[in-house]
Each structure stands twice: as C-alpha cells, then as structure tokens.
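Peer 1: Provided below for reference: sequence and predicted model.
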Amino acid sequence: MVFQSYNVFMDNLTVKKYTLKRVETKAVYKVDYEKELNPQQLEAVIQKEGAILVIAGAGSGKTKTLTYRVARLIEDGVNPANILLLTFTKKAAAEMLSRASIVLDSRCEKVAGGTFHSFANIILRKYSALLELQNNFTITDRADSEDIVNHIRANLIGKQEKRFPKKGTILDIYSKSVNKNIPSDEVISSEYAQFEHCTDKINEIIIEYNNYKRKNSILDYDDLLLYLRTLLEAKPEIRKKLSNQYKYIMVDEYQDTNTIQAQIISLLASEHNNVMAVGDDSQSIYSFRGANFKNILDFPDVFPNTKIIKLEQNYRSSQNILRLANEILNKAKEKYTKKLFSTIASPIMPALISAADSKTEAEFIAQRVLELSEEENIPLNDICVLARSARMTYELEIELAKKSIPYKKFGGMKFIEAAHVKDVIAHLRVILNPNDIISYTRILLLLDGVGNQTANKLLPVLIESNDIKDKKLPVKNPEAVISLTKLINENQKNIFAPSKVVQNVIKYYEPLLKDKYDDYTKREKDLEHFIALSEKYTSLEDFLSDLALEPPDTSMTDVEEGAHKDEYLTLSTIHSAKGLEYKAVFIIGAVDGRFPSLYSFNSPEELDEELRLMYVAITRAKTHLSITYPIDMFDYSTGMVLSKPSRFFDDIEQDILEKWVIE
C-alpha cells in the first residue's frame with residue numbers, strides 16, 4: 001500500500017476535478033413545526049437569537065406561537081432554566097407551559113414562567129440583603145395597604161378636614177405615580193384636581209407610608225417592581241448574573257406593560273438582547289392602569305436590530321367582521337400597519353342599528369337574544385353584550401329580567417349593587433313602605449353620628465311616627481334625622497311622579513354622597529342615569545319592583561324548560577372581555593359622546609385608545625355582530641342630546657357595515 005502525502009492527495013483531487021462537499025447534519029425535530037404553524041407563526045418560532053417583536057393581531061394564535069417557541073428552544077438544546085416567560089396572569093403562564101409540555105415533553109414545565117410580580121418576589125427573596133431588606137418581608141394586599149395608609153392619615157390629618165381623600169384614593173394616587181413613573185403631584189392635578197389643595201399633605205402621607213413599609217419590612221405589589229428595578233440598576237454584578245441566567249426572554253401582552261416593566265426587561269436582556277415581545281398595539285386599552293402604549297411602539301428603538309413579524313391570519317372571526325375591524329384600525333393615528341384576514345366565510349354582515357331611545361335599544365337586544373338562542377340554536381353562553389362602561393347596560397338588565405333571560409355581568413357593579421344606587425333605592429323603599437326595617441337602617445347609618453346602636457334606638461320612634469319635630473331623639477345630631485323624616489313625609493303626602501320623587505331623594509342625598517365617596521363626580525353620573533330610568537314609569541311601586549328582581553348570579557331562570565342551569569348571557573365591559581370570543585356579539589350604546597367618550601375628543605391619544613377599544617369589541621365576534629345606538633340619549637353632565645352613531649363608523653361603506661333602523 002502506498003501512502004501519499006496530504007499535498008499530493010489534494011493535487012490529484014484537483015487534477016481529477018473531484019469536489020469535496022461538507023456533510024451537514026440536519027436537526028431532526030420531534031415536532032413538525034411547518035405542519036402545525038402558518039408561515040408567520042413559524043418564522044417567529046424558529047427565530048432563536050436577537051430581539052423579536054411579534055405583532056399578533058386579534059385571534060391570530062399568539063398563545064400557540066409562544067407555546068411552540070418554548071418547545072422549539074428546548075428541542076434546539078436550550079436549558080429550560082435559561083428561558084424566562086413573563087405573562088400578566090399566573091394562569092396564562094401555567095397554560096402555555098402545560099401546552100408546551102403536550103407539544104414536546106415535560107422539560108417545558110421547568111421553564112421559569114410567571115407574572116412580573118411573582119418573578120420579582122423570587123429574585124428579591126434571594127437578594128434581599130443587598131437592598132437592606134429582610135428575606136422574610138411581608139407582601140401586603142390592597143386591603144392591608146389601605147389600612148396602613150388610613151393609620152398614617154389619622155395621625156397626620158385632623159378630624160376637622162372634611163374634604164380630604166380617603167385611604168383608597170391616596171393609595172390609588174401613589175400606585176398610579178409608581179406605575180406611570182410620574183410625580184404624584186402630576187397624578188393629583190390631572191386625575192384628582194378636587195384634592196390639589198392638599199397635595200402637600202398627600203405627599204407627606206405617601207412618604208410616611210413608604211417609611212412605615214421599610215421600617216416593618218413590608219412590600220406592596222408596586223414595591224416588588226420598584227425594588228427589582230433598583231436591584232438591576234444599582235447592582236451591575238447581579239444584573240449581569242441574572243441576564244446570563246435568563247438567556248431567552250419572552251413577554252406576553254407587551255402592549256400592557258408599564259414603564260417599570262419595560263425597563264426591567266431591558267435590564268434583564270442587557271447581556272444578550274434575546275427578547276421576544278408578543279402583543280398587539282391595537283389592543284392597548286389599559287392606560288388607566290398605568291400601561292404605556294409607547295412601550296410596544298418604541299421596542300425596536302430600545303432593542304437594536306429588532307425583527308418585526310406580523311401575525312395577520314385570524315382564526316376566530318369571519319372575513320366580513322375582519323373587513324370592518326380593518327377599517328377601524330386604519331383610522332388610528334399611531335400604529336403598526338396590519339391587515340387581518342380569515343378563511344372563515346359567512347354570509348352574515350355586521351350591522352349598525354339605530355333605535356329611537358335606550359329603552360327601544362334594550363328591548364331589541366333582549367328580543368334578538370331570544371331569537372338567536374331559540375331559532376338559530378346559538379347557546380346563551382356564546383352570546384355577549386359589550387359596553388363602553390358598566391352603566392350602559394342598566395336598562396338592558398331590566399329588560400332581560402322581564403323576559404327571564406339569565407345573565408351574568410362582568411366588569412363593574414350591577415345596577416342595584418352599586419353602593420350609591422342602593423342608598424337611593426333604600427330611601428325610595430322607605431317612602432313607599434316605612435316599615436322596611438332593612439332600608440330604614442341603611443339610610444340612618446348614612447347620617448353623621450348615627451351608628452348601629454343609635455339606629456336601633458331611633459327605628460321604633462320613627463316607624464311609630466315620622467312627625468318627630470317635638471320629640472326628643474336619642475341622637476347627637478337631631479337636625480340630620482329631622483331633615484330625613486321631612487324628605488320621607490313630603491314625598492309620601494304628595495302624589496309626585498316617580499321621576500320627581502327620585503329627583504327629590506337625589507337632591508337630599510348629594511351632600512351625603514360627596515361626604516362618603518371621593519369619586520362622587522363619577523357616581524353622580526350614575527344617579528343622573530337613574531333619574532332617566534325612572535322617567536319611563538308612572539308608578540313608584542312598579543319602578544322599584546322592576547329593580548328588585550333577583551340578581552342574575554342567583555336567579556338563573558331558564559329561558560326554556562330543560563335548559564342547562566349554567567347557561568347564561570354575558571354582559572361585560574369591553575375591558576373585561578379582552579381575550580374572550582363569542583359567536584354573537586352586541587356592542588351597546590355606540591353613540592358619539594359615549595363611545596368614544598366626550599372627554600376623549602380633545603386628546604388624540606385618548607381618542608386613539610377609544611378607537612382601539614372599539615377594535616377589541618368588534619374582534620370578540622365570530623360571525624354575528626350588531627352595533628346599536630339610541631338617537632335620543634340625553635347626557636345630564638352636558639345637557640346635550642346625543643343622537644349620532646360613533647364617529648368611528650363615519651365613511652364606512654354599506655357593503656362593509658349594513659345600516660338598520662328599529663321601527
């Protein structure tokens with residue numbers, strides 16, 4: 001055997017024109033990603049390194065994309081402990097990792113997944129000494145935090161200060177200041193102008209609140225984020241260690257992050273820049289909670305060489321509904337341009353429906369719900385009524401109760417459950433029936449200086465006779481009781497229309513409302529709506545009877561015999577319905593001035609958020625979408641009659657949005 005040198009061997013290859021080809025081993029994956037995902041989802045899943053922004057349109061499978069990316073990273077050899085998945089609920093993280101385990105195997109469950117706050121808690125427990133915290137620090141809930149504020153407030157504020165914010169309002173001011181990363185003075189001036197005169201005192205309470213927490217090793221929810229950011233900024237060696245530990249970071253619902261959360265992500269990714277943010281700028285609707293819409297818009301500026309991937313195929317709604325959603329999106333001033341599409345065909349068109357007034361609107365929706373349920377066999381559980389605010393469904397609730405349609409309401413108090421409305425109803429019930437002990441006790445306890453013991457002493461005297469001018473009353477403030485009995489007597493003796501009685505009660509109640517609630521201006525609007533409801537009745541007894549129907553959570557009356565008791569129509573604010581879907585959706589009260597709100601007209605940013613809110617509402621529907629508005633809605637706060645449909649539907653052609661009129 002003759003051995004040639006390497007050079008001679010290569011020369012012979014050259015002479016003979018042989019070609020050497022490197023043999024590359026192709027990774028073999030257990031999961032067929034190309035089969036399971038559409039091209040855009042696949043592109044997001046197989047991207048391993050660098051910053052990635054996934055703009056996931058409504059119903060486009062963002063959860064599936066995150067789930068499969070977890071599986072793909074682990075199949076590519078990434079240690080699950082090096083992956084961090086941050087979500088806004090513990091349930092969402094658990095669901096994603098559980099689904100990833102089904103896709104691949106149990107290794108996916110070893111991924112670090114959870115909420116921003118739970119992650120912060122874990123890290124702070126480990127490094128508490130570096131921040132001069134004890135590792136057994138206590139995390140307070142909202143009620144505990146309010147009690148601490150109340151204790152400090154009582155020590156700093158004299159009892160004579162009547163118009164000073166209550167403990168919950170002070171805590172709201174502090175929390176908004178933290179989450180929006182702005183001074184508390186700015187929060188007060190923009191959202192709590194009625195308390196600007198006591199800004200210094202509020203700030204003093206906030207300072208003492210923070211001192212108290214540190215002294216007693218207590219953290220509230222906002223502190224978890226604040227301390228984590230401080231740790232990452234002040235301790236570069238810890239930041240570097242954590243960044244190298246969590247080499248692949250994924251964040252769900254990125255459009256809902258606040259400023260501090262976005263800063264934490266940037267700090268955690270400082271060593272590698274491997275961040276995948278998934279979200280939809282068009283579903284950014286939580287600015288009132290501190291969410292910063294700019295976070296998702298500025299992501300490519302914060303993370304160099306960001307790859308933007310758009311998920312535009314919708315798996316929820318018919319193409320007819322998506323055509324309308326796209327028209328709405330086009331009106332937004334700031335956005336990532338996208339065009340949703342679907343392979344789901346349906347002959348049913350979205351409709352914009354005008355009603356003579358709110359009562360007609362409510363009657364139409366209640367009747368249409370019955371038709372969908374009984375004639376088109378759509379389960380009540382697959383039907384939803386969405387509203388800009390909870391009070392927009394009050395009239396509908398009464399109609400549903402009349403027709404024995406079971407429903408549940410989410411995202412706000414039911415009409416008769418709101419404390420201030422219950423107060424007014426209690427006065428009306430006593431006027432109608434002075435022997436109503438429960439209602440009488442409630443309205444007595446509203447009076448200054450009247451507690452349970454005093455109320456129990458007063459009740460026998462008042463029930464025996466309302467004419468108490470000459471009687472000695474067992475109370476420190478007899479004038480308040482006399483004023484109350486005068487209200488009851490006058491409205492019992494005179495034959496007033498129900499609306500007049502309601503107006504008299506509310507006029508009497510307003511000073512009590514302002515003393516009891518810091519947000520009385522918002523509650524006053526509910527009472528204005530209450531007056532409007534009463535105007536449709538000729539009998540106070542009939543009005544109270546309609547309002548006194550059993551609440552929907554306990555009165556699950558079946559629509560028809562044999563129906564499942566857990567079947568119910570959903571009433572919801574749009575904010576509470578985000579992420580959900582229904583075959584049939586009604587958007588109620590889409591009148592200009594209510595949706596969008598009058599208060600958003602002078603702010604392009606607020607008007608854009610209202611537009612995004614409408615987009616979220618529209619994209620909850622699978623096939624049936626009805627948008628209703630009354631053409632005779634009186635707005636008590638401005639004295640205006642609202643009659644035009646939402647401006648968001650201006651210039652939308654009939655072949656995209658049909659126009660109906662209820663006759």
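Peer 2: Great, that's in hand. Numbers count the residues shown, from 1 in each chain.
Peer 1: on the three-state scheme, Val641 is what?
Peer 2: Taken by DSSP: H, G, I helix; E, B strand; the rest coil, the conformation at Val641 corresponds to strand.
Peer 1: Tyr254 against Ala277, yeah?
Peer 2: Yes. Tyr254 is in contact with Ala277 according to CB atoms under 8 Å; the separation is 3.9 Å. The way it works is simple: take the backbone N, C-alpha and C, and place the C-beta from them, glycine included.
Peer 1: common neighbours of those two, please.
Peer 2: Taking CB atoms under 8 Å, 6 or more residues apart in numbering as the criterion, Tyr254 and Ala277 both touch 53, 296, 299.
Peer 1: which residues does the helix or strand the second one falls within contact?
Peer 2: The reference is to Ile296. Here Ile296, judged by DSSP states H and E, is contained in helix 294-302. For helix 294-302, the surrounding residues in contact (CB under 8 Å, 6+ apart) are 51, 53, 254-255, 257-259, 261-262, 266, 277, 279, 281, 284, 306, 308, 334, 336.
Peer 1: inside strands: which ones of these?
Peer 2: Counted as lying in strands by DSSP state E, out of the contacts of helix 294-302, are 53, 277, 279, 308.
Peer 1: ok so, going back, relative to Lys514, which of the shared contacts of Tyr254 and Ala277 is nearest.
Peer 2: Of all the shared contacts of Tyr254 and Ala277, Lys514 sits closest to Ile296, with 39.9 Å by CB to CB.
Peer 1: count the residues that sit near that closest one.
Peer 2: 26 (other CB atoms under 10 Å).
Peer 1: ok, it to Ala277 distance?
Peer 2: From Ile296 across to Ala277, the span is 7 Å (CB to CB, to the nearest Å).
Peer 1: what residues are shared contacts of the two?
Peer 2: What both Ile296 and Ala277 touch, as defined by CB under 8 Å, 6+ apart, is the set 53, 254.
Peer 1: from the middle of its chain, how far away would the helix holding Ile296 be?
Peer 2: Distance, stretch centre to chain centre, for helix 294-302: 22 Å (CA atoms, centre = their mean, to the nearest Å).
Peer 1: also stretch 67-76?
Peer 2: 31 Å.
Peer 1: ok, the closest residue in space to Phe601 that isn't next to it in sequence - contacts?
Peer 2: Spatial nearest neighbour of Phe601, excluding adjacent residues (CB to CB, 6 or more residues apart in numbering): Leu607 at 6.7 Å. By CB under 8 Å, 6+ apart, the residues touching Leu607 are 596, 600-601.
Peer 1: quick check, nearest of these to Asp222?
Peer 2: Closest to Asp222, out of all of the contacts of Leu607 and judged by CB to CB, is Ser600, at 26.9 Å.
Peer 1: next up, the contacts around that closest one.
Peer 2: 606-607, 609-610.
Peer 1: cool, Asp222 as well?
Peer 2: Going by CB under 8 Å, 6+ apart, Asp222 touches 174-175, 178-179.
Peer 1: in helices, which of those appear?
Peer 2: Using DSSP state H, the members of the contacts of Asp222 that fall in helices are 174-175, 178-179.
Peer 1: with respect to Lys659, which of those is nearest?
Peer 2: Nearest to Lys659 among the ones in helices among the contacts of Asp222, with distances taken as CB to CB, is Asn179, at 41.6 Å.
Peer 1: count the neighbours of the closest one for me.
Peer 2: Asn179: 21 surrounding residues under other CB under 10 Å.
Peer 1: so it touches Gln263, yeah?
Peer 2: No. Look at Asn179 against Gln263 with CB under 8 Å: they stay out of range, at 11.9 Å.
Peer 1: helices along the stretch 551-663 of the chain, start to end?
Peer 2: For the stretch 551-663 of the chain, applying DSSP state H, counting those that start in this stretch gives helices covering 574-577, 604-618.
Peer 1: need those in CSV with mean pLDDT, can you?
Peer 2: CSV is the format used below for those (pLDDT from 0 to 100):
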stretch, mean pLDDT
helix 574-577, 90
helix 604-618, 93
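Peer 1: adding distance to Asp519, write the ones you listed out as JSON lines.
Peer 2: Converted to JSON lines, the helices of the stretch 551-663 of the chain look like this (distance: least, CB to CB, whole Å):
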{"stretch": "helix 574-577", "distance to Asp519": "17"}
{"stretch": "helix 604-618", "distance to Asp519": "19"}
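Peer 1: Val424: which of those helices is closest?
Peer 2: helix 574-577 (25.3 Å).
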